[in-house]
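> Here is a sequence together with a model predicted from it:
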Amino acid sequence: MSQKATFLGPVDELPPEGAELEPSTESEVDFCASMFSESNIIFDVSRDGVMVTSNPQNSDLFQEFEIDLEAGEEEPYLIWKDDAFDIHLQGLFRDRGAFSTLSDASDPEDYVRRFLEVLASSLDEPSMELEGKKVPLIRWQAGEDGESAEVQLLGLLLADEEQFEAFCKEREGEIGFIFEDAEVQAHGIRETLTVMVILGVTLGSTANADAGPFNFKKKKQAKEMARQQAIMEQQAIQKRQAAIQKRQAAIQQAQRTGYLDMHNDAYVNHQLLEAGKDGEKKVIVDISRQRAFLVINNQIAIDTAVSTAREGKHTPRGAFKITERIAQGKKSTIYGCDMPYWQRLDSSAIGMHVGDLPGHAASAGCIRLPYSIAPVMFANTASGVTVEIFDHWNGQELQQQDGAQQNYASQPAYQRGGQS
C-alpha cells in the first residue's frame, strides 16, 4: 500500500516493552502482522461453530493505529490513535448454523472462508463508527481432522475497496486467496478482490504436521536466516574481492616502486607539517597496532602503517635518538637489500627505512615504512629527534588543540601509489 494505512490491533497481544521487535517494512499489512505475530487470539473453527480458545468469556481491546512506512527519519512509522473498542470475540459467532451447513466434503479452506464471512459481517455494525471496511488479517492451519481449521487473528485493516485492491495487486502471489482458480476466471480479479474486502486477508496457511500452533514464525525465521546467510555470503565474496583487488593494487605498486604496501592507508596533516617546521617533534611507534606517528607540538602530523620485527627477531622498546640519516645509497650488508631514507636509532643496527609492508610484522628488527610515506617522514625529521617505541600506545599524553583531530582525519597523505 503506497499510502498511510489504518488498523485496529489487539493491544494486549503486543510483545513486552523489552522485546527486540523489528517489524517487517515490506508493506503496512506485513508491519501489522509482524507486530502481532505472537497473538494468542486463536479460534477453533468446525461444523459445531467457532470457539475462542484463549478467553471465550472475556473481551479484547482493539485500538486504532496508523502505519506510514514512508515517514521521515524524525517521524515514527507507528502512530496510536485515541479510538479503542472492547470486542467480545466469542459473541461475534453466535450463529452456529452458519457452519453446520458445511458438508463432510468441506475442506479447511471452506471453514476459513465461512469464518471470515461471519466475522466480517459481525464487525460491520453501527456501534463501530469507523470509515472503511474492517478487513480481518488472519493466519490459519488445518485442524487435526483435516476438515476444521485453527485461525489466528492478527488485527483488522481499515480500508476501502480501492485501497485494498491496490494492496492485493502489490502483493500478488504472496496473499493466501482462498478461492479456486475457476472462481477467479469466472468472476474476474476485480470481483474477487471486492469479495476479499468483505471476507478478509489470509496471510498464510500450514499443515498440522509442521508444528503448532502455527509454523509461520518458523517460516519467517527460516526466510530471514536464508536472507541473512545470503547477505553474509555476499559480504564474504565482496570482502574476498576487495582483498584480491587490494593485493593486486599493492603488487602493481610494488612493480612500479619495488616495494609492497598492503595497507596503503597513511595520512598526513600537510598544514601541520608546514606550520610546524620548527616545532617540537618526535616519532612514536606502536608495536601492537603496527603503526607509526610523527607528532609535532603534541599533534599527530603523520599516521602510517609500519612493519616491525617478525617472530624470532626483535625491535627494541624505549626512547632513542636519530643519529644517522641517509636518503639514498644505504644497503644492508647482511640481507643485501636497499634501505632508502635510512634513519638510525642511537648507535644500534636498528633504524627506520623503506621496506615491504606485507600486512604484518615481517622485518629483521628495523621499522619498515611505506615507500610513499618514508620521504615525507624523512623530510620532516632530523638528527636528534626522539623515536619512542611502545608495546601499546594510547596517545593520551597528546594535548590536541581544538579542531586538530578533524584536520588530521580529513587530510589525505598522498596520491595513492606515488610520493607526496
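Perfect, I can see it now. Residues are numbered from 1 along each chain as shown.

> tally of neighbours for residue 343?
Residues lying near residue 343 (other Cβ atoms under 10 Å) number 27. All C-beta atoms are positioned from the backbone trio N, CA, C, and that covers glycine.

> Next: residue 350.
21.

> mind showing which ranges of the stretch 101-250 of the chain have poor pLDDT?
Along the stretch 101-250 of the chain, the parts satisfying pLDDT under 70 run over 125-132, 160-161, 163-202, 204-230, 233, 243-250.

> which residues does residue 78 bridge with?
Beta-bridge partners recorded for residue 78 (DSSP bridges): residue 67.

> go on, residue 281?
residue 296.

> Show me the domain layout of the protein.
5-223, 267-410 (automatic domain parsing).

> In JSON lines: those domains, plus distance to residue 242.
Formatted as JSON lines, those follow (distance: least, Cβ to Cβ, whole Å):
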{"stretch": "domain 5-223", "distance to residue 242": "28"}
{"stretch": "domain 267-410", "distance to residue 242": "14"}
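
> hey, where'd the helices end up in this protein?
28-35, 97-100, 108-123, 161-170, 181-199, 216-257, 270-275, 374-379, 404-410 (DSSP state H).

> neighbours around residue 324, how many?
13.

> what sits against it?
342-344, 351, 383 (Cβ atoms under 8 Å, 6 or more residues apart in numbering).

> Can you tell me which of those residues has the most neighbours?
Most surrounded of those: other Cβ under 10 Å gives residue 343, at 27 neighbours.

> mind listing what that one touches?
So residue 343 contacts 322, 324-325, 351-353, 377-378, 381, 387 (Cβ under 8 Å, 6+ apart).

> can you pull the pLDDT of it?
On pLDDT, residue 343 comes in at 95.

> what's across from it in the sheet?
residue 325, residue 352.

> Check residue 292 too.
residue 285, residue 304.

> That one against residue 366, yeah?
No. Using Cβ atoms under 8 Å, residue 292 makes no contact with residue 366, being 11.9 Å away.

> Show me the common contact partners of those two, please.
residue 352.

> Tell me which residues touch residue 368, please.
306-308, 352-357, 362.

> Nearest spatial neighbour of it, chain-adjacent residues omitted?
Excluding its sequence neighbours, the residue lying closest to residue 368 (Cβ to Cβ, 6 or more residues apart in numbering) is residue 355, at 3.2 Å.

> got a winner among the contacts of residue 343 for most neighbours?
residue 352 (26 neighbours).

> Please list all residues in contact with it.
283, 292, 341-343, 345, 366-369, 374, 377, 387.

> between those, which is closest to residue 32?
Of all those, residue 32 sits closest to residue 292, with 56.6 Å by Cβ to Cβ.

> Around the closest one, how many other residues sit close by?
Neighbour tally, residue 292, other Cβ under 10 Å: 26.

> on that earlier part again, from the contacts of residue 368, which is closest to residue 139?
residue 357 (57.9 Å).

> who's that closest one bridged to?
residue 261.

> isn't it right up against residue 304?
No. Taking contacts as Cβ under 8 Å, residue 357 lies outside contact range of residue 304: 9.2 Å.

> Need the residues touching each of those two.
In contact with both residue 357 and residue 304: residue 370, using Cβ under 8 Å, 6+ apart.

> of the contacts of residue 352, closest to residue 398?
For the contacts of residue 352, the nearest to residue 398 is residue 283 (13.5 Å; Cβ to Cβ).

> Any idea how many residues pack against the closest one?
23.

> Need the pLDDT of the nearest residue to it once chain neighbours are set aside.
Setting aside the residues directly before and after it, residue 283 is nearest to residue 387 in space (Cβ to Cβ, 6+ apart), at 4.5 Å. Here, the pLDDT recorded for residue 387 equals 97.

> And residue 387, how close does it get to residue 69?
58 Å (Cβ to Cβ, to the nearest Å).

> One more: residue 133?
For residue 133, the distance to residue 69 - Cβ to Cβ - is 21 Å.

> Pretty sure residue 90 is one of the things residue 57 touches, is it not?
Yes. Judged on Cβ under 8 Å, residue 57 makes contact with residue 90 at a distance of 7.3 Å.

> Show me which of the two is the more surrounded one.
residue 90 (18 against 7).

> Next up, the contacts around that one.
Residue 90 touches 50-52, 56-57, counting by Cβ under 8 Å, 6+ apart.

> Closest to residue 238 out of those?
Using Cβ to Cβ, these come closest to residue 238 at residue 52, 50.5 Å.

> I'd say the closest one and residue 45 touch.
No. Under the criterion of Cβ under 8 Å, residue 52 makes no contact with residue 45, lying 10.6 Å away.

> Neighbour count for those two, which is higher?
residue 45 (26 against 21).

> measure the residue nearest to residue 368 to residue 363 for me?
6 Å.

> Share the number of residues neighbouring the residue lying closest to residue 62 once chain neighbours are set aside, please.
In space, and not counting its chain neighbours, residue 62 is closest to residue 8: 4.2 Å by Cβ to Cβ, 6+ apart. Using other Cβ under 10 Å, the number of residues around residue 8 comes to 26.
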